[in-house]
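Enquirer: Quick one: sequence plus predicted model below, questions after.
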Amino acid sequence: MTPIEEALDFARSLRGKTYHPGRLLSDNDKTCISINLPIKGHCTPTKRCTQDCYGKSGHLAYPNCHRKQKFVSKYLKQKNIDDLITECKPYLGIRLNGVGDLNPEHLAQLFSLARSCHRPPFWGLTRKFNMATAVNGARTPKLTLLLSVNAKPPD
Ligand code: SF4
């Protein structure tokens, strides 16, 4: 590795350690107030996704959006989500995975989030049968995950 490559790696590692978005929630015309997650590593895009996914173009595909989506995915796996709870509390509804999809490692904090916020209902769409079953089967008030079906069956 050349000194320049080393310096670039170091700079990238610093950036990764210090990055924290100003807000964890996202707000856009398509999904309103939402918790957005990455497509990569979270979705198995179908042919229809390739044609219609609004996460693949426009604002939601900007590099800073991807960076935030990756951050939120990691954030939802950690123990303390107080910042997100504080952000969610004032709203009347919050869409889960406005873009991307939930992974099983997000579940524990998703339940915690819904239990901690008495006002907004949390709802979202998933293409993962096991995620819809796990979330809806727990019957947590104000937490619903709809199974999304297109020409290809859910994952
Ligand atoms: S499941 Fe939704 S977010 Fe994921 S690639 Fe398909 S349309 Fe996009």
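Expert: Thanks, I have it. Numbers count the residues shown, from 1 in each chain.

Enquirer: and the residue nearest the centre of the chain, how far is that from the ligand?
Expert: When the chain is reduced to its mean C-alpha position, the nearest residue by Cα atoms, centre = their mean turns out to be residue 37, at 2.6 Å. Residue 37 sits 8 Å away from the ligand, going by Cβ to the nearest ligand atom, to the nearest Å. Any C-beta I mention is one placed from the backbone N, CA and C, and that applies to glycine too.

Enquirer: What of residue 20?
Expert: Residue 20 is 24 Å from the ligand, by Cβ to the nearest ligand atom.

Enquirer: do the same with residue 79
Expert: Separation of residue 79 from the ligand (Cβ to the nearest ligand atom): 27 Å.

Enquirer: just to revisit the earlier point, tell me the secondary structure at the residue nearest to the centre of the chain.
Expert: Secondary structure, DSSP: H, G, I helix; E, B strand; the rest coil: residue 37 is coil.

Enquirer: Check the secondary structure at the residue lying closest to it once chain neighbours are set aside for me.
Expert: Nearest residue to residue 37 in three dimensions, chain neighbours excluded: residue 100, at 3.1 Å (Cβ to Cβ, 6 or more residues apart in numbering). At residue 100 the chain is in coil, as set by three-state DSSP.

Enquirer: Now do residue 100 against the ligand, distance only.
Expert: Residue 100 is 5 Å from the ligand, by Cβ to the nearest ligand atom.

Enquirer: cool, residue 125 as well?
Expert: 7 Å.

Enquirer: I'd say that residue and residue 144 touch.
Expert: No: counting by Cβ atoms under 8 Å, residue 125 does not reach residue 144; the two are 10.0 Å apart.

Enquirer: hang on, isn't residue 31 packed against residue 94?
Expert: No: using Cβ under 8 Å, residue 31 is not in contact with residue 94; the gap is 9.9 Å.

Enquirer: Noted, bye for now.
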